[in-house]
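>>> Any chance you could fold what I've pasted below:
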Amino acid sequence: MDRVLGQILRKAVWDRLDLLDELVSDADNRSLLSVARGELPRLISGWRDLLATHAPDSRGRCPECSNPWRPRVAPCRVWRTAHEHLVAVETVPQARPAIGPLPVGAA
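Below you'll find the model as predicted:
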């Protein structure tokens with residue numbers, strides 16, 4: 001059951017990103033402004049929540065990406081991806097990559 005729910009959740013997220021991608025490409029300026037006002041606060045909040053769960057612990061390790069056998073030193077992949085897409089804008093590809101979603105458990 002968890003696997004099916006995970007597939008449904010992932011598909012819903014990918015579908016939403018596809019919709020937003022279409023809007024960015026095809027919407028007129030007025031519609032785009034409306035979408036931006038509605039979606040940007042949600043995306044910002046989502047990024048903040050995600051990054052908070054990956055904040056380094058007192059030993060400088062990511063609590064989400066680490067396990068007892070493989071500690072992950074910060075910055076983890078999530079933080080590196082956030083920096084790439086939110087700060088180092090010139091390194092972000094202009095088009096969405098043609099790869100599919102990450103496999104379950106990849107982080």
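>>> element containing the residue nearest the centre of the chain?
The geometric centre of the chain, computed from its C-alpha atoms, lies nearest to residue 47 (CA atoms, centre = their mean), at 6.8 Å. In this structure, residue 47 sits in helix 29-53 according to DSSP states H and E.
>>> What helices and strands are in contact with that helix?
Packing partners of helix 29-53 (3 or more CB pairs under 8 Å, 6 or more residues apart in numbering; DSSP states H and E): helix 2-26, helix 77-86. (C-beta placed from N, C-alpha, C; glycine too.)
>>> how much does the longest one deviate in direction from helix 29-53?
Pointing back at helix 2-26 there. Direction vectors for helix 2-26 and helix 29-53, defined by axes from the mean of the first three to the mean of the last three CA atoms, to 10 degrees, enclose an angle of 140 degrees.
>>> and what of the shortest one?
Between the axes of helix 77-86 and helix 29-53, defined by the same axes, to 10 degrees, the angle is 150 degrees.
>>> From the chain's centroid, how far away is helix 77-86?
Mean-position distance between helix 77-86 and its chain equals 9 Å (CA atoms, centre = their mean, to the nearest Å).
>>> buried set for it?
For helix 77-86, burial by neighbour count (16 or more other CB atoms under 10 Å) applies to 78, 79, 82.
>>> Now the second one. Nearest residue, chain neighbours left out?
Nearest residue to residue 79 in three dimensions, chain neighbours excluded: residue 54, at 6.0 Å (CB to CB, 6 or more residues apart in numbering).
>>> One more: the last one?
With CB to CB, 6+ apart as the criterion, residue 82 has its nearest non-adjacent residue at 5.9 Å, and that residue is residue 51.
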